[in-house]
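**Q** No sequence on hand, only this structure:
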């Protein structure tokens with residue numbers, strides 16, 4: 001069942017009009033799968049709800065994060081039309097193509113491109129694939145079971161660059177990312193998700 005059709009099915013079969021109830025159903029589906037991971041299920045549920053707009057921005061059936069299929073992806077994939085803005089000609093992978101091109105301002109162009117996206121077969125497969133990104137955050141992973149400390153640590157992962165200088169990488173570019181996650185926790189707790 002496609003993620004977006006979860007809402008359609010729920011509304012049709014249970015006559016639910018309240019968006020809070022629909023979000024609760026979505027969050028509970030995510031939470032049940034997140035409990036199978038070795039990272040705080042509350043954090044994973046908050047991350048999915050934030051990044052997918054409660055599943056409304058999902059691609060295909062279960063691609064909740066808009067994950068493109070790189071050449072090393074071994075799972076199923078599908079070509080989807082996407083709109084992109086570029087300052088130079090976009091790089092295409094095997095089978096991808098430009099459908100439309102429009103010059104905007106200066107060297108900036110708008111493209112409609114057929115791109116490969118991962119076609120996950122379940123919510124769990126999507127989550128399992130996405131959380132692999134956290135392997136690049138070994139310091140933060142020490143706090144993976146703590147939903148309050150983990151997002152903070154994902155914003156200040158130390159690493160040494162090629163020049164030997166100490167730098168910090170972030171999972172999310174927003175300096176307020178931990179605050180956004182904390183606000184989402186409060187919403188999830190109101191919806192009945194347990195910490």
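**A** Looks like it came in fine. Given the structure is predicted, the values throughout are model-derived calculations rather than measurements. Numbers count the residues shown, from 1 in each chain.
**Q** now the strands for this structure?
**A** For the chain, the strands identified by DSSP state E occupy 77-86, 97-103, 109-118, 157-160, 166-169, in order along the chain.
**Q** what's the closest of these to residue 135?
**A** Of all the strands of the chain, strand 157-160 sits nearest to residue 135, with 11.3 Å by Cβ to Cβ. C-beta: built from backbone N, CA, C; applies to glycine.
**Q** What pairs with that closest one, parallel or antiparallel?
**A** For strand 157-160, the paired strands and their directions (DSSP bridges) are strand 166-169 (antiparallel).
**Q** what's in contact with the partner strand?
**A** Around strand 166-169, the neighbours that count as contacts under Cβ atoms under 8 Å, 6 or more residues apart in numbering are 136, 137, 155, 156, 157, 158, 159, 160, 161.
**Q** Assess the claim that residue 52 and residue 59 are in contact.
**A** No: counting by Cβ atoms under 8 Å, residue 52 stays clear of residue 59, with 9.4 Å between them.
**Q** Need the winner for burial among the strands of the chain.
**A** Each of these was assessed for mean neighbour count using mean count of other Cβ atoms under 10 Å. The highest is strand 109-118, with a mean of 18.
**Q** tell me what it is packed against?
**A** Under the contact criterion of 3 or more Cβ pairs under 8 Å, 6 or more residues apart in numbering; DSSP states H and E, strand 109-118 touches strand 77-86, strand 97-103.
**Q** For the most centrally placed residue in the chain, which residues are in contact?
**A** With distances taken as Cα atoms, centre = their mean, the residue of the chain nearest its centroid is residue 65 (2.9 Å). Under the criterion of Cβ under 8 Å, 6+ apart, the neighbours of residue 65 are 51, 52, 126, 130.
**Q** ok, back up a step: with mean pLDDT and distance to residue 28 added, can I get the strands of the chain in TSV?
**A** Conversion of the strands of the chain to TSV gives the following (pLDDT from 0 to 100; distance: least, Cβ to Cβ, whole Å):
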stretch	mean pLDDT	distance to residue 28
strand 77-86	94	27
strand 97-103	94	38
strand 109-118	95	24
strand 157-160	90	31
strand 166-169	90	32
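**Q** what sits against the nearest residue to residue 75 once chain neighbours are set aside?
**A** Excluding its sequence neighbours, the residue lying closest to residue 75 (Cβ to Cβ, 6 or more residues apart in numbering) is residue 118, at 6.1 Å. Taking Cβ under 8 Å, 6+ apart as the contact definition, residue 118 lies against 60, 63, 67, 68, 69, 73, 75, 76, 77, 126, 129.
**Q** Just give me the neighbour total for residue 74.
**A** Residue 74 is flanked by 6 other residues according to other Cβ atoms under 10 Å.
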